[in-house]
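Colleague: sequence first, then the predicted structure:
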Amino acid sequence: EDQVTQSPEALRLQEGESSSLNCSYTVSGLRGLFWYRQDPGKGPEFLFTLYSAGEEKEKERLKATLTKKESFLHITAPKPEDSATYLCAVQAWNNNAGNMLTFGGGTRLMVKP
Amino acid sequence: NAGVTQTPKFQVLKTGQSMTLQCAQDMNHEYMSWYRQDPGMGLRLIHYSVGAGITDQGEVPNGYNVSRSTTEDFPLRLLSAAPSQTSVYFCASSLAGANVLTFGAGSRLTVL
């Protein structure tokens, strides 16, 4: 059974204080690992897909990295507008369920000015 | 493009009542799916469809029905609502040849 665990559940940062969010996963053949951002009252918004260990992707202050067991979302010099819940999800190669994703519980990030 | 549109945004039901959550997409995506989001449990797949006329069960299908008569629409039906179905429901869609899901804004359902 595919499993995704995210830590910490919540993270409070001061503006400019860099940190990392962790996503540990077990999957029977990784097709892709996804990071989504979710704002309160809204649906998840796609950020990144990572496909193989060693891969990195960047977008503004965010950088996602991938190993064979976990992924990190690094946030450099965060701003208050980066406050959101960040969701990690995996997709397996043996997934016949219409691109089904298995999600972690999310990390709620709060950035104070 | 509107993307994935869900209605209603909020709904309160009494135990035993029935209702339908609507989902429509205008991106000509083949795949559509319904997830529910509960605190601390992440999003879980309820039902999915890989094309018009084709539906199947996900991880937590009990108490829910779906149908897919057109490419654009994928309604989720609760036949007899239970308090355990209190949740936020998200519809998502994707192209068959791509694996990135686009989500709707969600429908918050409370069953009393």
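Modeller: Cool, the structure landed. Numbering: from 1, shown residues only, chains lettered A, B, ... in the order given.

Colleague: centre-most residue in chain B?
Modeller: residue B:34 (3.1 Å; Cα atoms, centre = their mean).

Colleague: if that residue is in a bridge, with which residues?
Modeller: residue B:47, residue B:91 (DSSP bridges).

Colleague: close enough to count as contact, it and residue B:91?
Modeller: Yes: counting by Cβ atoms under 8 Å, residue B:34 touches residue B:91, with 5.7 Å between them. Just so you know, the C-beta spots here come from the backbone N, C-alpha and C atoms, and that holds for glycine as well.

Colleague: shared neighbours, those two?
Modeller: Residues touching both residue B:34 and residue B:91 (Cβ atoms under 8 Å, 6 or more residues apart in numbering or on different chains) are B:21, B:23, B:74, B:76.

Colleague: ok, and the most crowded of these?
Modeller: residue B:74 (29 neighbours; other Cβ atoms under 10 Å in any protein chain shown).

Colleague: go ahead and confirm it touches residue B:89.
Modeller: No: counting by Cβ under 8 Å, residue B:74 does not reach residue B:89; the two are 11.7 Å apart.

Colleague: list residues touching both of the two?
Modeller: In contact with both residue B:74 and residue B:89: residue B:34, using Cβ under 8 Å, 6+ apart.

Colleague: what does chain A put close to chain B?
Modeller: A:4, A:9, A:31-32, A:34, A:36, A:41-46, A:49, A:87, A:89, A:91, A:97-106 (Cβ under 8 Å from any Cβ of the partner chain).

Colleague: any quick ChimeraX command for the buried ones out of those residues?
Modeller: Here is the ChimeraX selection string for the buried members of the residues of chain A next to chain B, based on 16 or more other Cβ atoms under 10 Å in any protein chain shown:
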select /A:4,32,34,36,43,44,49,87,89,91,97,98,99,100,101,102,103,104,105,106
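
Colleague: so which of the residues of chain A next to chain B belong to strands?
Modeller: A:4, A:31-32, A:34, A:36, A:45-46, A:49, A:87, A:89, A:91, A:102-103 (DSSP state E).

Colleague: output the below-cut-off pLDDT ranges for chain A.
Modeller: For chain A, applying pLDDT under 70 flags the ranges A:96.

Colleague: then chain B?
Modeller: Scanning chain B for pLDDT under 70 picks out B:1.

Colleague: show me what from it comes close to chain A.
Modeller: So far as Cβ under 8 Å from any Cβ goes, chain B lies against chain A at B:4, B:31-33, B:35, B:40-45, B:48-50, B:56, B:58, B:90, B:92, B:94, B:98-106.

Colleague: could I have stretch B:25-42 exported to CSV, CA atoms only?
Modeller: The C-alpha trace of stretch B:25-42 is given here as CSV (Å, rounded to 0.1, in the frame of the first residue of the first chain):
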residue,chain,number,x,y,z
GLN,B,25,-14.6,20.9,-16.4
ASP,B,26,-14.0,22.7,-19.7
MET,B,27,-10.5,21.5,-20.5
ASN,B,28,-11.6,18.4,-22.4
HIS,B,29,-9.9,16.2,-19.8
GLU,B,30,-10.5,12.5,-20.1
TYR,B,31,-9.9,11.7,-16.4
MET,B,32,-12.1,13.0,-13.6
SER,B,33,-12.1,12.0,-9.9
TRP,B,34,-13.6,12.9,-6.5
TYR,B,35,-11.6,13.2,-3.3
ARG,B,36,-12.6,13.9,0.2
GLN,B,37,-10.4,15.9,2.6
ASP,B,38,-10.6,15.3,6.4
PRO,B,39,-8.4,16.9,9.0
GLY,B,40,-5.2,15.0,9.5
MET,B,41,-6.0,12.3,6.9
GLY,B,42,-5.1,14.0,3.6
